[in-house]
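In: Provided below are the primary sequence and the corresponding predicted coordinates.
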Amino acid sequence: MSHRRSWDEEMISTGHPDGNHAADEDRRRGRAPLPFFPDFALIEALTALVLLIGLLLVASLTRPSLEEIADPTSAGYTPRPEWYFLWFFQTLKYFKGETEVVGTVVLPGIAIALLVALPFLDRGERTRALLPGTRAVRLWPRIVAAGAILGIGFLTLTALRTPTPMSTGPELSTVEAAGQAIFDKMGCASCHAIAGAGGTTGPDLTTFGVQPDARERVLLHFADVARSDGSIMPGYQLSPEELSSLSAYLLGLKGR
């Protein structure tokens, strides 16, 4: 004889009406009560294992959707959260100005309070079967959960259809991106600022590309190692490919 007690048996022993009703339904249909441990716990563990394997397969077989490389010259970029927080990100768009506190504090607080109060609200209700021959269940928690899932799904799809915020500056070509990498590698930002980011020892390069003698200045600064122009800027020995890439990047800085 097993000494394990199912949830229904526990409810019957404590006189809970729903426990009596569920147990009677099971006996009438010839179904034995399912012990929580190890039967039900094993089912839950296997379900979690299947979901974990699926998650690992998705993570290993797909590539993350990344945006372009961070651009320090861009001042109008709006970051977006990961996909599982997009619904909340979209919700905040409907609460602006003084009503922002409603979307950030009031509504999340109400949702958390309802989740905490759910075990106390879902007590002693009548149950009914969703389909003929199935076990009786409480309907209203499932209806509320389905509505919440549909609402979150709608907000997520709406956020996904919104154009991804991109950099306000011009999109860098392959050559310009290589020049930007050289610019960062040589530490040019320690002396030169771009869009307010960088040092102040050297000239600001935000609008360097619109200056009429920009190309000549690039060649003079980086090709003339002897610094015959009298500049305090140190000389750099760059290959023709590196000089070409760096020139393309600097000439593309037009304050956009």
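Out: Happy to help now that I have it.
In: What are the boundaries of the strands in the stretch 51-200 of the chain?
Out: Ranges of strands in the stretch 51-200 of the chain, per DSSP state E, counting those that start in this stretch, are 128-129, 136-137, 193-194, 197-198.
In: in this structure, what spans have low per-residue confidence?
Out: Along the chain, the parts satisfying pLDDT under 70 run over 1-33, 67-78, 122-130, 133-136, 163-171, 219-232, 234-235, 255-256.
In: domains of the chain?
Out: Listed domain ranges for the chain are 1-62, 80-164, 174-251 (source: automatic domain parsing).
In: Throw these into JSON lines and include mean neighbour count, thanks.
Out: Backbone N, C-alpha and C define where each C-beta goes, glycine included. Output for the domains of the chain, formatted as JSON lines (neighbours: other CB atoms under 10 Å):
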{"stretch": "domain 1-62", "mean neighbour count": "12"}
{"stretch": "domain 80-164", "mean neighbour count": "12"}
{"stretch": "domain 174-251", "mean neighbour count": "15"}
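In: ok, which stretches of this structure are helices?
Out: For the chain, the helices defined by DSSP state H cover 7-13, 17-28, 41-61, 86-92, 100-101, 107-121, 140-161, 174-185, 214-223, 240-251.
In: Report all helices and strands that the fourth one contacts.
Out: Contacting helix 86-92 under the criterion 3 or more CB pairs under 8 Å, 6 or more residues apart in numbering; DSSP states H and E are the following elements: helix 140-161.
In: How about T91, nearest residue that isn't a chain neighbour?
Out: G103 (5.6 Å; CB to CB, 6 or more residues apart in numbering).
In: right, and that neighbour touches F95 too?
Out: Yes. Contact criterion CB atoms under 8 Å: G103 and F95 qualify, at 3.4 Å.
In: mind checking how far the residue nearest to T91 is from R161?
Out: 20 Å (CB to CB, to the nearest Å).
In: And A178, by the same measure?
Out: 34 Å.
In: now K254
Out: 32 Å.
In: what's the answer for F40, then?
Out: 41 Å.
In: again, but for F183
Out: F183 is 36 Å from R161, by CB to CB.
In: Ok, W140 next?
Out: Distance from W140 to R161, by CB to CB: 32 Å.
In: ok, now M233?
Out: To R161, M233 is 48 Å away according to CB to CB.
In: for I143, same thing?
Out: In this view, I143 and R161 are 27 Å apart by CB to CB.
In: Equivalent analysis for L56, please.
Out: 29 Å.
In: And G202, by the same measure?
Out: 44 Å.
In: do the same with S245
Out: 37 Å.
In: before we move on, what about P119?
Out: 37 Å.
In: and if you look at E100?
Out: Counting by CB to CB, the gap from E100 to R161 is 23 Å.
In: With A148 instead?
Out: A148 sits 21 Å away from R161, taking CB to CB as the criterion.
In: repeat for S244
Out: 40 Å.
In: again with F89
Out: Taking CB to CB, one finds F89 at 13 Å from R161.
In: Same question for Y94.
Out: 16 Å.
In: Enumerate every residue touching I182.
Out: 238, 242, 245-246, 249 (CB atoms under 8 Å, 6 or more residues apart in numbering).
In: Also P119?
Out: Contacts of P119 by CB under 8 Å, 6+ apart: none found.
In: Quick check: it vs P141, distance?
Out: Using CB to CB, we find P119 at a distance of 10 Å from P141.
In: what does F88 give?
Out: Counting by CB to CB, the gap from F88 to P141 is 22 Å.
In: cool, and L52?
Out: 26 Å.
In: Now tell me what touches stretch 185-193 from outside.
Out: Residues from elsewhere that reach stretch 185-193 (CB under 8 Å, 6+ apart): 72, 183, 197-206, 233, 236.
In: Cool, thanks, signing off.
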